[in-house]
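Participant: Below is the structure, and that's it, no one-letter string:
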């Protein structure tokens with residue numbers, strides 16, 4: 001089979017490396033690259049044997065990326081580096097003739113804007129090159145888009161209301177930590193809320209709207225309406241949607257720490273001078289917070305992420321809830337990473353696998369919900385993220 005290149009050696013990169021190595025019939029020549037090669041070598045050693053080659057690359061440098069791509073000649077790049085680096089990696093893919101997949105949309109370093117517009121603008125260039133770019137193939141975004149497409153294909157004539165619900169009921173034992181890159185995580189959860197209703201975006205203050213929602217095998221958890229990037233693509237690709245929202249759980253201790261971080265200016269992305277040099281407070285904070293990739297060993301509990309959908313089938317109103325629960329310790333035992341990294345890394349492997357076997361291939365730039373959901377849903381059950389369905393239930397939203 002053809003070669004695959006993974007860029008990024010954090011928690012998600014760890015999971016992707018383990019999972020692609022488990023499918024040698026599809027991925028038989030694997031390379032893991034990062035700015036810090038030692039991290040790649042540690043992951044490769046944990047996977048075992050000589051399954052994974054490693055390389056050093058600066059993902060901000062297009063020419064370094066092109067040189068690596070032309071040297072290794074992968075069929076597809078799985079980008080699990082920083083969202084700031086999406087466009088440089090896409091530029092390099094175009095120059096080197098390589099297909100592309102990521103798990104999070106591009107955002108510029110200088111402003112917290114979560115939009116697909118920058119990447120959608122690459123569609124014609126990828127189409128002319130005969131290359132595939134698959135955007136947002138993690139869990140949310142990613143599986144949540146596949147869940148929605150699956151529901152639309154099999155259970156609804158029209159989807160009218162979509163609520164994506166994301167609960168992490170785990171405990172990592174730290175006073176404060178983020179489950180993925182702190183810089184990206186804090187930017188995301190401190191932005192204003194936003195949801196789609198009756199053909200327009202409605203903006204809210206951060207964490208202004210919240211309510212308790214009940215999660216399977218977990219119970220009720222206070223859930224906060226925030227903006228999440230897949231809403232932008234889902235309302236575009238499912239125009240029958242009258243309302244689309246995203247909810248995420250936060251504990252009160254987490255929110256208290258977050259407020260303090262904001263109040264003392266440590267969430268700022270505006271450069272300041274410190275002892276004669278320019279630093280960004282949020283990047284400094286990232287350096288002193290726990291590494292999300294090292295939380296797994298003592299992480300207990302589980303995640304529950306899914307889609308609660310209301311619409312019509314055969315002219316009758318219908319409700320539907322499709323979700324996955326993932327246990328942190330199960331994820332750690334398999335890959336050495338916690339559940340949030342696991343739920344992001346497994347779908348990235350599946351998307352790349354479906355590309356490699358020809359089931360998710362078309363020229364241009366596409367979100368996951370634009371592909372056939374059925375093979376993806378089948379692979380989730382086979383690779384550690386089994387899903388469950390509830391029909392005609394109270395959605396609570």
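Facilitator: Sure, I can see it. Just so it is clear, the model here is predicted, and its values are computed rather than measured. Numbers count the residues shown, from 1 in each chain.
Participant: Now residue 188. Nearest residue, chain neighbours left out?
Facilitator: The shortest distance from residue 188 to any non-neighbouring residue, by C-beta to C-beta, 6 or more residues apart in numbering, is to residue 114 (7.0 Å). Any C-beta I mention is one placed from the backbone N, CA and C, and that applies to glycine too.
Participant: how about that neighbour, what does it touch?
Facilitator: 105, 107, 188, 191, 227-229, 232 (C-beta atoms under 8 Å, 6 or more residues apart in numbering).
Participant: Mark which of the residues you listed are buried, thanks.
Facilitator: 105, 107, 188, 227-229, 232 (16 or more other C-beta atoms under 10 Å).
Participant: Take the residues you listed and keep only those in helices.
Facilitator: Using DSSP state H, the members of the buried ones among the contacts of residue 114 that fall in helices are 188, 232.
Participant: if we take the buried ones among the contacts of residue 114, which one ends up nearest to residue 292?
Facilitator: residue 188 (13.4 Å; C-beta to C-beta).
Participant: Residue 229 versus the closest one, what's the distance?
Facilitator: 9 Å (C-beta to C-beta, to the nearest Å).
Participant: Also residue 303?
Facilitator: Distance from residue 303 to residue 229, by C-beta to C-beta: 18 Å.
Participant: what's the answer for residue 270, then?
Facilitator: 23 Å.
Participant: what's the answer for residue 163, then?
Facilitator: Counting by C-beta to C-beta, the gap from residue 163 to residue 229 is 16 Å.
Participant: next one: residue 128
Facilitator: Taken as C-beta to C-beta, the span from residue 128 to residue 229 is 26 Å.
Participant: And for residue 73?
Facilitator: 31 Å.
Participant: Could you pull out the strands in the stretch 51-200 of the chain for me?
Facilitator: For the stretch 51-200 of the chain, strands defined by DSSP state E, counting those that start in this stretch occupy the ranges 52-56, 76-79, 99-102, 132-135, 158-168, 193-197, 200-204.
Participant: can you tell me which residues contact the nearest residue to residue 240 once chain neighbours are set aside?
Facilitator: Distance criterion C-beta to C-beta, 6+ apart; nearest residue to residue 240, sequence neighbours excluded, is residue 158 at 4.3 Å. Residue 158 makes contact with 240, 311-312, according to C-beta under 8 Å, 6+ apart.
Participant: Closest one to residue 350 out of the residues you listed, please.
Facilitator: residue 311 (26.0 Å).
Participant: Quick one: mean pLDDT over the lengthiest helix in the chain.
Facilitator: Criterion DSSP H: the longest helix present in the chain is helix 339-356. Helix 339-356 shows a mean pLDDT of 98.
Participant: which stretches of the stretch 51-200 of the chain aren't confidently modelled?
Facilitator: 112 (pLDDT under 70).
Participant: which residues in it form helices?
Facilitator: Applying DSSP state H, counting those that start in this stretch to the stretch 51-200 of the chain gives helices spanning 62-72, 86-96, 117-120, 123-129, 143-154, 182-190.
Participant: Distance to residue 207 added to the ones you listed, as CSV?
Facilitator: Output for the helices of the stretch 51-200 of the chain, formatted as CSV (distance: least, C-beta to C-beta, whole Å):
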stretch, distance to residue 207
helix 62-72, 38
helix 86-96, 27
helix 117-120, 26
helix 123-129, 34
helix 143-154, 20
helix 182-190, 8
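Participant: hey, which of the strands of the stretch 51-200 of the chain is tucked in deepest?
Facilitator: strand 76-79 (a mean of 28; mean count of other C-beta atoms under 10 Å).
Participant: packing partners for that strand?
Facilitator: With contacts taken as 3 or more C-beta pairs under 8 Å, 6 or more residues apart in numbering; DSSP states H and E, strand 76-79 sits against strand 3-7, helix 86-96, strand 99-102, helix 339-356.
Participant: Tell me the strands beside that strand, with direction?
Facilitator: strand 3-7 (parallel), strand 99-102 (parallel) (DSSP bridges).
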